[in-house]
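Participant: The following block contains a protein sequence and its predicted model.
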Amino acid sequence: MEKKEKIVLINKKPVTDELLYKNACDLTNISQELQAVTDLLEMVGYFASKKDTFAIDYFITQGKLDNATDVLQNIQHDISDISTAICPDND
C-alpha cells in the first residue's frame, strides 16, 4: 500500500522551500527589529536607574521613543501579514 503525500496549499499555491525560506527571512528581520527596540528601551532603563534625566530628556525631545513606537506598530503589522500568509488553505 502506497503512502499518499498530502500537498499543503497557501493561497492556492503549493508550499515550497522558497516560500518557507522567504517567511523565515521575514521573521528574522522582525526579530532584529525587536532587538533594536529592546536595546533602546534597555538604554533608557539604564539612564533612568542612574537618574540621568538629561539623557532621558534627550531621547524624548529627539523623538527616539516615537521611533520605537513606530517600529513596534510595524512589527505588529508584519507579524499579522506573515500569520495570514502562512495559514494553509482549508480543503
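Facilitator: Noted; the coordinates are in hand.
Participant: Report pLDDT for the residue positioned nearest the centre of the chain.
Facilitator: Geometric centre of the chain, nearest residue: residue 30, 2.8 Å, by CA atoms, centre = their mean. Here, the pLDDT recorded for residue 30 equals 96.
Participant: element containing residue 23?
Facilitator: Per DSSP states H and E, residue 23 falls inside helix 17-49.
Participant: Would you mind identifying the next helix or strand past that helix?
Facilitator: Sequence-wise, the next helix or strand downstream of helix 17-49 (DSSP H and E) is helix 53-61.
Participant: what bits of this structure have low per-residue confidence?
Facilitator: 1-2, 91 (pLDDT under 70).
Participant: So which bits of the helix or strand containing residue 72 are buried?
Facilitator: Following DSSP H and E, one finds residue 72 within helix 64-85. Residues of helix 64-85 classed as buried by neighbour count (16 or more other CB atoms under 10 Å): 65, 68, 75, 82. For the C-beta atoms, the positions are set from N, CA and C on the backbone; glycine is no exception.
Participant: what's it packed up against?
Facilitator: helix 17-49 (3 or more CB pairs under 8 Å, 6 or more residues apart in numbering; DSSP states H and E).
Participant: All set, thanks.
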